[in-house]
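Novice: Next one to model:
(2 chains)
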Protein chains: 2
Amino acid sequence: MYRSHNNGSLRASDTNTEVTLSGWVQKSRDKGFMIWVDLRDRYGITQLIFDEERTPKNIMEQARTLGREFVIQVKGTVIERASKNPNIPTGDIEILVSELTVLNEALTPPFTIEDETDGGEDLRMKYRYLDIRRNPVKDSLIFRHRVAMEVRKYLSNEDFIEVETPYLIKSTPEGARDFVVPSRMNEGQFYALPQSPQTFKQLLMVGGMDKYFQIVKCFRDEDLRADRQPEFTQIDCEMAFVEQEDILNIFEGLTRHLLKEINGVTVEKFPRMLYDDAMRLYGNDKPDIRFGMEFGELNDVAQHKDFKVFNSAELVVGIAVPGGNSYTRKEIDKLIDWVKRPQVGALGMVYARYNDDGSYKSSVDKFYDQEDLAKWADVTGAKPGDLICVLSGDTNKVRAQLSALRMELAERLGLRDPKVFAPLWVIDFPLLELDEETGHYHAMHHPFTSPKPGQIELLATDPGAVKANAYDLVLNGNEIGGGSIRIHDKQTQALMFDYLGFTPEEAKAQFGFLMDAFQYGAPPHGGLAFGLDRLVAILGGQETIRDFIAFPKNNSGRDVMIDAPAAIDEEQLKELHLKVHA
Amino acid sequence: MYRSHNNGSLRASDTNTEVTLSGWVQKSRDKGFMIWVDLRDRYGITQLIFDEERTPKNIMEQARTLGREFVIQVKGTVIERASKNPNIPTGDIEILVSELTVLNEALTPPFTIEDETDGGEDLRMKYRYLDIRRNPVKDSLIFRHRVAMEVRKYLSNEDFIEVETPYLIKSTPEGARDFVVPSRMNEGQFYALPQSPQTFKQLLMVGGMDKYFQIVKCFRDEDLRADRQPEFTQIDCEMAFVEQEDILNIFEGLTRHLLKEINGVTVEKFPRMLYDDAMRLYGNDKPDIRFGMEFGELNDVAQHKDFKVFNSAELVVGIAVPGGNSYTRKEIDKLIDWVKRPQVGALGMVYARYNDDGSYKSSVDKFYDQEDLAKWADVTGAKPGDLICVLSGDTNKVRAQLSALRMELAERLGLRDPKVFAPLWVIDFPLLELDEETGHYHAMHHPFTSPKPGQIELLATDPGAVKANAYDLVLNGNEIGGGSIRIHDKQTQALMFDYLGFTPEEAKAQFGFLMDAFQYGAPPHGGLAFGLDRLVAILGGQETIRDFIAFPKNNSGRDVMIDAPAAIDEEQLKELHLKVHA
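Specialist: Sure, this is the predicted structure:
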C-alpha cells in the first residue's frame, strides 16, 4: 500500500496518527538541524519534517538528497505544527518522518512547477505532463470533468439518451475540410472523421430515439487560428416532436443548471434577441450584454450636412463610452490609431465629447453644431461625461469595426468581468449567407436547417431575406452553441440541396441515405450543439481554451510532445494503396 | 407544441383529460364503424380510437388513409378502454381522437418494425434508422446509456477524473494495425487514431492526475471477425501510487456496482485464479465458471499403458459431463465428429461412461480396466451417470480443444444461463508470449507492462516463465477487460523495448516522449481497460454486441447505410499530397 491518506486530507484532528504518504517533492528547506519538505499530489500539499533530534540520522541524510519533483513515500506521525499555515487546508499539521523511500528520482524540470511558471508556451507543450502538475492546468481539467458530469446528469434526468455515433464516416464536400482515413480493405476509398454527428443524430430522430445527446469529439482540417483545435468536443443534442421553443427551454435549463452547480450563480430567464437586432445594436451576432454601449445609427441626424465622409457612407453609427470625456486628446488619438489597425480596418473615427456642463466638443465641429450633437447623444444614449465615438462606411464592415471598438473599450473600462454571466439567445438567423467572393449563397448554419414556415418561396426572389428556425446561445460575447429546427421532408431537403448548388446526383451520392430516411416517417425534429471547450473555459472565467484540454495541439496542428503527425512506413502506405507525392 | 404527453405515460387516472400525442402508426385495425390505431414512440404505445358515432366524418376518413409508420399528431380525450390490455402500461385507456394531423407520410418499411422482424441482417443494417425503431435495438441503446452513466457515477464518486485524450496521435508499430490520417499541413506525415489511450493515460499519471478514466473510442485496422468492429469503446482507467490489489478492488467495486444497479444482482467477492491454473483447469485464460466441468489431467493414470495415442501425447486431459452417460452411442459419435471439426481440430476423442451401478464402459476398454477408469473418474471428478471425455496431444492445442468442447457441452446442457453472473479475476499473466511462427516473444499485454518484482532477470534465461503484474476480468467466459501495473522507470522500459526487438533509435523515435517523462518523477502506476461494447452485451444477457452499437459496420468494415468508406475528390487527395495506386 503506497499511502494511507492523500496529501490534502490530514487535519489537526489526525494528530498522533501513523500515516503513509506518497507524492512529489514540491520543495524542501534545509536549516541544518531541521529539514522541511512540501509533499504534493493532486489533492494538496502536506509538510514533512525531518529533525536532528527526532529523525534517525540515515533518514536525515537521505532527506538531504531529495530534489524537486522526486517521487517519494514516507511513513511518519501527524504532529501539530509550531507555526501554522492558514493558506492550505493541511496547514495545522506536519508529518514527523520515520521512514523514507525514494520511488523515483527526477531530473530538474525544464520549468518551475508553480502556479506562475517561468516556462514559455512551447516548453510547456513539449513537457505537457509536467505542465499538468501545475494547479492552473490540473484544476482546469478537473473543472472540465465536473462540467461534463453535470451536463450528463442534467440531460439524463431530462430523458436524453447518450448514443455513440461512429467516427469512421463519409467525407462530404459541405462545410469545412474533412480529415480522411484511408481504408486498407476498400482500395482507393476513405472514411472521414466527423465534423459533427449531424446526419447521425437526425437519423436517430428518424429512428425514434426522441431525445439524443452525446459529448463527442469532432474534427475539422482548417488552417488553425489561435485558440482553434483540429479536434474539439461538442455537447451534441437532438430532439423529436419539438419546436424551437422546446429546444430553447431545455438548453436554457441546462445552462442555468451549470451556472448554478458549477459557478453558484442564479440567472433569470435568458433574454432573446433577433439576429437582425443583434447586428443593428451590437454589430455582432454574439453580443456581450454584460454592459450596454449599444449602437446608435446616426444616418438620419448626421447625413445631409456638409460632411462628405458621412454623406457617402451606407451607415453612420456610434456608441457612447461611459466617462469617456475624461480621455486626453492623446488617448483619443491612440483610439483613432487603434481602429485604423489592419485587424479592425476603419479609415478613421469621429468623436464628440459630452461635457459635464451639457456642451459638446467634436472633431467635426465645422459641420455639426451643438443641436446636431445633442441628437447624436440622444441616439447613442450618451450622458454628460461620456465620449461619443462614430464610425461610418459599408454597413457590414462598419458594424464589425464598431463592435471591435466596443469590446476593446469595455475591456479597458473593466466591464467584461469574468465572474458575471450574461447569457443570451440570438434567434431568427438568416437561412443563407452571401459569399462575397463568389457571389453565391451558402447555408449559414448547415444545409439541414429549416426555413421559417412560408418563407421557402422567398428563396427564388430574395434569398438573403429568408430567415431560419436557427438560434445561438451566446455567453459573455462568446458563441457557446447553436442549432436549428431541421428539414424533415425529402422535398424540402432536395430543394435546399438544389438551391445550394448540388446536382441531384451529388445530393444523392452524399446525402441519399438521409433523404431516403425522410421517406420512411421522419418526425419533426431539431437540436443544437454546444462547444464544450469554450463553454468550460468561460465558466472557468478564462479567455483561452488551452488549459482545459489535456493534450492540445499547436497552431500547426502538431502535438509537440509526442511529435505527431509523423512519417509512416513504406509498408503501411503500400497496404493503404497510397503514395506520397510532393 | 407537438405533444402534451408521451405514448407511455397515460393511465386510467388520466381519464377525461384532453391530450395531444405524436408518434408513429404501429398498426391500425379498421372494423368499419370503428378504427383503432396503435400510436408508438420511444416511451410506449397508446391506443387511439376513431368511432363513427363520436368522431367527425372527415377525421374518420383521414384515419383510414394512415399507413404503417406514418408520423401523426392527434388531439383527443383519454377514455377508459372497453377491453383492457394488461400487457402494456397504457392498456387501461385509449384516446378518442378529435383532431388528426399527418406530420409525415411513410413508404412501407422494407421489414416489419416489430420485436421479431422479417428483415435479414443486411437489410436491417442498410435501414438501421428503421431497425432502431424496434424495441430490441432501441432498448439495447438505452441500456448502454444507463450502463455508461453508472460507470461514470461510480468512478466520479471514487475521485476519478474523466480526461479526454487526443484522437489524432502518432502511429506505432506495436500491437495491431493503426488507422492513419494524412496531414494536409505537414506534407507526407500522418496522424494515427488511437488503439487505446495507453501512453496518454500513463503521461497523465506522470502529470499527477492520480486517478484517470475515460469512456473512449478506440480504433484497430484488423481483418474483421464476426462481432469485431474497427471502432470500439473502452472504459479506460489508470491510477497512481497503486499496487495490483488496489486496482482489483476498485474495479471489482465498479463491476459489482453495475451488476447491482443494472441487473439487480448481488455478487460476493470475486474469485481470483492464477493464469496457469486457468489454463490447467479450463484450458483457457477466460474460463466460464458458471459451471464446473474442470479439466482433469490424466497423464499419470492413463499413460504407460499400451494405448499409443495417449503415450505419445504431451497432455492427456478429460472432463466429466454431468449426466452424460444418458447420451446414445449415436450422440457420442456426433460429439466425436464435433471435436474433429476444423474449428476445434482434435484428432479424436476417447470416452468412458460411468454407469449408475458404478461400473465403467469406455471406448478404450482394450487398454484400460475398471480400476484404471475409476482413477479417470477420480481425477475428472466424474459421478455415476456422467460421461468422461478425454482428448490428448500437444498441451496448448489440446487445452484449447477441450475448452471448446467444455463450452459446447455446457451450452447444450443449459449451464450458460445469461441471467447468472460469475465474474473472475485471472491474475499473474505471463509477461511475454511466444509467436510460434516467428519464434520471437512479444508482449502479451503491451510493452509497458511491468514484470513481477525480481523476475526481470529471467528475461535472459527463461523469458516464457516471466510473470507480469497483469490481470483480466472475466465474466461468464468473456474477457471484459484487463490491465497491468506499468513500468515506471526509464531503465526497465528501455530493457523491455530492447527485449522486444526495438533498436534504441526505434524506441526513442516511437516512445521517446514516454521514456523522457519517466525521468521527471514518474509515480508507480497501473490501470486497466474494460471493453464497453462487450460488457454491455453481457450485462444485457446477449451474445452479440451489434444491437448495442447504434451504427455498426459490417465484416468488411463498411457502413452500408451511409455507404462508407467512399472515394474522395482528386482535389482533396492533392491537398493531402497523396496518390492512390493499385
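
Novice: Report the separation between the residue nearest to residue A:119 when sequence neighbours are not counted and residue A:556.
Specialist: Of all residues not flanking residue A:119 in the chain, residue A:111 sits nearest, at 2.6 Å (C-beta to C-beta, 6 or more residues apart in numbering or on different chains). Quick note: C-beta positions are derived from backbone N, CA and C, even for glycine. Separation of residue A:111 from residue A:556 (C-beta to C-beta, to the nearest Å): 22 Å.

Novice: So those two - more neighbours on which side?
Specialist: With neighbours defined as other C-beta atoms under 10 Å in any protein chain shown, residue A:111 and residue A:556 compare such that residue A:111 has more, 16 against 13.

Novice: How about the contacts made by that one?
Specialist: Residue A:111 makes contact with A:117, A:118, A:119, A:120, A:123, A:124, A:127, A:130, A:131, according to C-beta atoms under 8 Å, 6 or more residues apart in numbering or on different chains.

Novice: looking at this, residue A:39 is in a helix?
Specialist: No - counting by DSSP: H, G, I helix; E, B strand; the rest coil, residue A:39 is not part of a helix but strand.

Novice: Give me the below-cutoff pLDDT ranges for chain A.
Specialist: Residues of chain A meeting the criterion pLDDT under 70: A:173-174, A:582.

Novice: Please parse it into its domains.
Specialist: With domains defined by automatic domain parsing, chain A comprises A:12-104, A:114-271+A:526-582, A:291-412.

Novice: Quick check: which of those is buried the most?
Specialist: Greatest average neighbour count among those goes to domain A:114-271+A:526-582 (a mean of 20), per mean count of other C-beta atoms under 10 Å in any protein chain shown.

Novice: and that one, how far from the chain's centre?
Specialist: Distance, stretch centre to chain centre, for domain A:114-271+A:526-582: 11 Å (C-alpha atoms, centre = their mean, to the nearest Å).

Novice: got it, and stretch A:112-129?
Specialist: Put simply, stretch A:112-129 sits 22 Å off its chain's centre (C-alpha atoms, centre = their mean).

Novice: what does stretch A:404-415 give?
Specialist: In terms of C-alpha atoms, centre = their mean, the gap separating the centre of stretch A:404-415 from the centre of its chain is 19 Å.

Novice: Restricting to C-alpha, output it in PDB.
Specialist: Provided in PDB are the C-alpha atoms of stretch A:404-415 (Å, rounded to 0.1, in the frame of the first residue of the first chain):
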ATOM      1  CA  ALA A 404     -14.400  45.600 -32.100                       C
ATOM      2  CA  LEU A 405     -14.100  49.100 -30.700                       C
ATOM      3  CA  ARG A 406     -17.000  48.500 -28.300                       C
ATOM      4  CA  MET A 407     -15.300  45.300 -27.000                       C
ATOM      5  CA  GLU A 408     -11.900  46.900 -26.700                       C
ATOM      6  CA  LEU A 409     -13.300  49.900 -24.700                       C
ATOM      7  CA  ALA A 410     -15.300  47.600 -22.500                       C
ATOM      8  CA  GLU A 411     -12.200  45.600 -21.800                       C
ATOM      9  CA  ARG A 412     -10.300  48.800 -20.900                       C
ATOM     10  CA  LEU A 413     -13.200  50.000 -18.700                       C
ATOM     11  CA  GLY A 414     -13.300  46.700 -16.800                       C
ATOM     12  CA  LEU A 415     -16.800  45.900 -18.000                       C
END
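
Novice: Tell me which residues are up against it.
Specialist: Residues outside stretch A:404-415 that contact it (C-beta under 8 Å, 6+ apart): A:282-283, A:288, A:290-291, A:293, A:295, A:319, A:321-324, A:335, A:338-339, A:343-344, A:346, A:349, A:389, A:391, A:416, A:477.

Novice: out of those, which are inside helices?
Specialist: Using DSSP state H, the subset of these located in helices is A:282, A:335, A:338, A:339.

Novice: JSON lines for the residues you listed, including distance to residue A:452?
Specialist: Output for these, formatted as JSON lines (distance: C-beta to C-beta, whole Å):
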{"residue": "A:282", "distance to residue A:452": "23"}
{"residue": "A:335", "distance to residue A:452": "41"}
{"residue": "A:338", "distance to residue A:452": "39"}
{"residue": "A:339", "distance to residue A:452": "36"}
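
Novice: Turn those residues into CSV, including distance to chain B.
Specialist: Compiled in CSV, the ones in helices among the contacts of stretch A:404-415 are given as follows (distance: C-beta to the nearest C-beta, whole Å):
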residue, distance to chain B
A:282, 32
A:335, 37
A:338, 32
A:339, 33
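
Novice: the inter-axis angle of the helix ranked longest in chain A versus helix B:135-157?
Specialist: Counting residues, the longest helix found in chain A (DSSP H) is helix A:135-157. Using axes from the mean of the first three to the mean of the last three C-alpha atoms, to 10 degrees, the inter-axis angle of helix A:135-157 relative to helix B:135-157 is 150 degrees.

Novice: And chain B, is helix A:135-157 touching that?
Specialist: Yes - looking at helix A:135-157 against chain B by C-beta under 8 Å from any C-beta of the partner chain, the contacts come from A:138, A:141, A:142, A:144, A:145, A:148, A:149, A:152, A:156.

Novice: same check, this time on stretch A:89-109
Specialist: Yes - where contact is defined by C-beta under 8 Å from any C-beta, part of stretch A:89-109 touches chain B, namely A:103, A:104, A:105, A:106, A:107, A:109.

Novice: mind listing what the third one touches?
Specialist: The reference is to residue A:105. Counted by C-beta under 8 Å, 6+ apart, residue A:105 has contacts A:67, A:70, A:71, B:521.

Novice: Find the nearest non-adjacent residue to residue A:301, please.
Specialist: residue A:375 (4.0 Å).

Novice: so the one you found sits in a helix?
Specialist: Yes - under three-state DSSP, residue A:375 falls within a helix.

Novice: do you know how far it is from chain B?
Specialist: 46 Å (C-beta to the nearest C-beta, to the nearest Å).

Novice: wait, isn't that residue in contact with residue A:303?
Specialist: No - using C-beta atoms under 8 Å, residue A:375 is not in contact with residue A:303; the gap is 11.8 Å.

Novice: and which of the contacts of residue A:111 is nearest chain B?
Specialist: Nearest to chain B among the contacts of residue A:111, counting by C-beta to the nearest C-beta, is residue A:130 at 5.9 Å.

Novice: tell me the SS of the residue nearest to that closest one when sequence neighbours are not counted?
Specialist: In this structure, residue A:130 finds its nearest non-sequential neighbour in residue A:109, 5.3 Å apart by C-beta to C-beta, 6+ apart. With three-state DSSP as the basis, residue A:109 sits in coil.

Novice: Dump the residues of helix A:135-157 next to chain B to TSV, plus distance to residue B:95.
Specialist: Shown next, in TSV, are the residues of helix A:135-157 next to chain B (distance: C-beta to C-beta, whole Å):
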residue	distance to residue B:95
A:138	56
A:141	51
A:142	50
A:144	46
A:145	45
A:148	40
A:149	39
A:152	34
A:156	29
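
Novice: between those, which is closest to residue A:548?
Specialist: Residue A:548 lies nearest to residue A:144 out of those, by C-beta to C-beta, at 5.1 Å.

Novice: contacting residues around the closest one?
Specialist: By C-beta under 8 Å, 6+ apart, the residues touching residue A:144 are A:532, A:536, A:548, B:163, B:164.

Novice: roughly how far apart are the second one and residue A:258?
Specialist: Just to be clear, that refers to residue A:536. Per C-beta to C-beta, residue A:536 is found 9 Å from residue A:258.

Novice: shared neighbours, those two?
Specialist: Overlap of the contact sets of residue A:536 and residue A:258 (by C-beta under 8 Å, 6+ apart) consists of residue A:147.

Novice: which ones are touching the nearest residue to residue A:81 once chain neighbours are set aside?
Specialist: Leaving aside its chain neighbours, residue A:81 sits nearest to residue A:94 (4.9 Å; criterion: C-beta to C-beta, 6+ apart). Taking C-beta under 8 Å, 6+ apart, we find residue A:94 in contact with A:36, A:46, A:47, A:48, A:49, A:78, A:79, A:81.

Novice: right, and the pair among the residues you listed with maximum separation?
Specialist: Pairwise distances across the contacts of residue A:94 peak at 15.0 Å for A:36 and A:78 (criterion: C-beta to C-beta).
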